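>>> next one to model:
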Amino acid sequence: MQGVPPEKRAAAFVCVMLCRRPDGVELVARGRLEGRIALAPAGHNGFGYDPVFWLPERELTVAQLSATEKNAISHRGQALGRLAQGLKEFLGG
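Numbering: from 1, shown residues only. Predicted coordinates for the structure are as follows:
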């Protein structure tokens, strides 16, 4: 992506979680974390693309967040939270 300006480096982490009952009815929960591809890697926390996933509103990469900060905003955390909210009713409890 050399030479690609920041405004053209849009990216997102996306997570989808699904629970399916034996009768085939599904509960689907989605999470999405918007960001940009960084100009250079930064940070040592996390894994995979975290060092190059820039969060403009925080002015740092996901790899520069603490585990607590990352979990509070992550696409996986969002999806899991939404799944958990709907599970009791979905499973008839």
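>>> just checking, Pro6 touches Gly35?
No. With contact defined as CB atoms under 8 Å, Pro6 does not reach Gly35; the gap is 11.0 Å. The C-beta positions use only the backbone N, C-alpha and C, and glycine is treated the same way.
>>> now for the two: what residues contact both?
Taking CB atoms under 8 Å, 6 or more residues apart in numbering as the criterion, Pro6 and Gly35 both touch Trp54.
>>> so between these two, which is more surrounded?
Gly35 (20 against 12; other CB atoms under 10 Å).
>>> helix or strand for that one, which one?
Assigning secondary structure by DSSP states H and E places Gly35 in strand 26-37.
>>> can you list the buried residues in that strand?
Leu27, Ala29, Gly31, Leu33, Gly35, Arg36, Ile37 (16 or more other CB atoms under 10 Å).
>>> ok, stretch 47-64 next?
Tyr49, Asp50, Pro51, Val52, Phe53, Trp54, Leu55, Leu60, Thr61, Val62, Ala63, Gln64.
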